[in-house]
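Asker: A predicted structure for the sequence below; I have some questions about it.
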Amino acid sequence: MIQLSQVRWNTYHNFEGPVFAGNLPVPTAGRDDPFHAKVLSITAAAEGGGFNATQMWDSGLLSVGAIQFIDAGSFNVCNLLGEVAERCGAHLVQEKLRPALDMCDAMFFRAGDGKWRFSHKGATVNTNAAQKLLYFGDASGNKLGSYTDAKRLRVKTWVVCMANVWDIPGSTDVQTEFTLRNLKNGFVWGNLKAELFAEGVGEDGYVGATKAMLLAYAVNAPAVVVKMYDSGKANGKAKFSPEWCLELLRHVVLNGGIDVWKSRWGAKLPFVEKAFGVKLPTYAQLAARSWAVSEPPPRPAPVVVAPEPVIEPESIPEPEPAPVEPVAPPPSPEPPPAPIVVAPTANGYARMFEAFMAFVKMLLDAFARAKR
């Protein structure tokens, strides 16, 4: 979230106003990225470079985002904020805009036709004059020398609120999609669109770089780029050749009459080289036609990493089961031995009788002696 202290002041011709350059950078595109992503990267390099870049110091009245969509007349800022509201939550957008809305007696709402617009003191803001009253508080808008302290606070508050919208989770994805969708549809037309942006015209090398540069400039002044294309396309070089591309770019940039295009050319060059692999001349070389054409280096062959072979375990036959010897059932337990009974023999009985009789005789003798 940014604060008022981070907003600086700038002037441009007969205009002045606040500006925040942005601190949510757009990713730098490489050669393998889609064409529209390359254009977004190159355009953002000279238009602030951040998703939350916001300014109010030129004829656009209010410019927001990586490629600086303007609100004056086109209501593109309202359209962009409306998509954020629908995708990420209208209450979150309202919350970010609240300080400016309360200060200006304004609302942000979806009208009956489905478009998102501001209202100011109860009236829908749908004209350039109404936009000046909403954002600046008077009919002078951002005219140089028209600011009071209260007006400065008002416009700085708008810049802070607009920049802070992009803290909403998912909002930068919405802005990216909105930007890519509108790049070709909203900024080129006529012969430029029918010829250079026709189906089948390449988007790599010098042709791709030329198309991206023209789109990046068309974001700033589309009518000028369309007009300059018509007057510069017949330059005596083979159409779509590197020489034709460089002559066309030279004609558009040097003769378009937009003084900031000179500095913006230099800001875009590193991003063009990274995205398309071609090295465009500096502005001085462009003006002097002292350029050298060099085809982009071939893309490195993709490194194919062979998958590691899957080593199947050798098929080992299951061992045949060893023959199982039949197991004899355990023997039945033997009955305990019968007690040994020794039967007396005949001679044994006779001896026993003799012994008994001898015992009896001894008793009788003892009894007879006792009587005497």
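Answerer: The structure has been received and is ready for your questions.

Asker: Now do the strands in the protein.
Answerer: 8-12, 15-20, 54-55, 63-64, 69-70, 106-110, 116-120, 123-124 (DSSP state E).

Asker: nearest to Gly190, of those strands?
Answerer: strand 69-70 (20.8 Å; CB to CB). Yep, even glycine has a C-beta here, placed from its N, CA and C like the rest.

Asker: Show me the contact partners of that closest one.
Answerer: 60-63, 76-77, 80, 179, 182 (CB atoms under 8 Å, 6 or more residues apart in numbering).

Asker: Identify the farthest-apart pair in the residues you listed.
Answerer: Spatial extent of these (CB to CB) is set by the pair Leu61 and Thr179 at 19.4 Å.

Asker: how much space between the residue nearest the centre of the chain and Asp259?
Answerer: Residue closest to the mean C-alpha point of the chain, counted by CA atoms, centre = their mean, is Asp173 at 7.4 Å. For Asp173, the distance to Asp259 equals 35 Å [CB to CB, to the nearest Å].

Asker: same deal with Leu286?
Answerer: In terms of CB to CB, Leu286 sits 16 Å off from Asp259.

Asker: Between those two, point out the one with more neighbours.
Answerer: Neighbours of Leu286 and Asp259, each counted by other CB atoms under 10 Å, are more numerous for Leu286; the result is 19 against 9.

Asker: Quick check: that one touching Leu246?
Answerer: Yes: with contact defined as CB atoms under 8 Å, Leu286 reaches Leu246; the gap is 7.4 Å.

Asker: Now list whatever residues contact both of these two.
Answerer: Leu280.

Asker: Let me know which of the strands of the chain is tucked in deepest.
Answerer: Across the strands of the chain, averaging neighbours per residue (mean count of other CB atoms under 10 Å) puts strand 54-55 on top, at a mean of 28.

Asker: Not counting that one itself, show me its contacts.
Answerer: 10, 17-20, 22, 48, 62-65, 68, 159, 162-163.

Asker: now do stretch 104-121
Answerer: 75, 78-79, 81-82, 85, 90, 93-94, 97, 100-101, 124-126, 130, 133-135, 137, 154.

Asker: tell me the domain ranges of the protein?
Answerer: 1-183, 188-294 (automatic domain parsing).

Asker: what's the closest of those to Lys361?
Answerer: Per CB to CB, nearest to Lys361 of these: domain 1-183, 136.0 Å.

Asker: Helices along the stretch 101-250 of the chain, start to end?
Answerer: Along the stretch 101-250 of the chain, counting by DSSP state H, counting those that start in this stretch, helices occupy 128-136, 149-164, 171-187, 190-191, 205-220, 222-232, 242-255.

Asker: Confidence-wise, which of those is weakest overall?
Answerer: Mean pLDDT per stretch puts helix 171-187 lowest among the helices of the stretch 101-250 of the chain, at a mean of 90.

Asker: Any idea how far that helix is from the middle of the chain?
Answerer: 15 Å (CA atoms, centre = their mean, to the nearest Å).

Asker: Just name whatever secondary elements it is in contact with.
Answerer: Helices and strands touching helix 171-187, by 3 or more CB pairs under 8 Å, 6 or more residues apart in numbering; DSSP states H and E, are helix 35-46, helix 76-88, helix 205-220, helix 222-232.

Asker: a markdown table please, covering these and showing mean neighbour count and distance to Phe108.
Answerer: Shown next, in a markdown table, are the helices and strands packed on helix 171-187 (neighbours: other CB atoms under 10 Å; distance: least, CB to CB, whole Å):
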| stretch | mean neighbour count | distance to Phe108 |
| --- | --- | --- |
| helix 35-46 | 25 | 25 |
| helix 76-88 | 20 | 7 |
| helix 205-220 | 24 | 24 |
| helix 222-232 | 17 | 27 |
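
Asker: closest to Leu4 out of these?
Answerer: Per CB to CB, nearest to Leu4 of the helices and strands packed on helix 171-187: helix 76-88, 19.9 Å.

Asker: Hey, what's the angle from that closest one to helix 171-187? Just curious.
Answerer: Interaxial angle, helix 76-88 versus helix 171-187 (axes from the mean of the first three to the mean of the last three CA atoms, to 10 degrees): 140 degrees.

Asker: helices or strands up against helix 76-88?
Answerer: strand 63-64, strand 69-70, helix 90-104, strand 106-110, strand 116-120, helix 171-187.

Asker: Turn the ones you listed into a markdown table, columns for distance to Ser41.
Answerer: A markdown table is the format used below for the helices and strands packed on helix 76-88 (distance: least, CB to CB, whole Å):
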| stretch | distance to Ser41 |
| --- | --- |
| strand 63-64 | 18 |
| strand 69-70 | 16 |
| helix 90-104 | 26 |
| strand 106-110 | 30 |
| strand 116-120 | 27 |
| helix 171-187 | 11 |
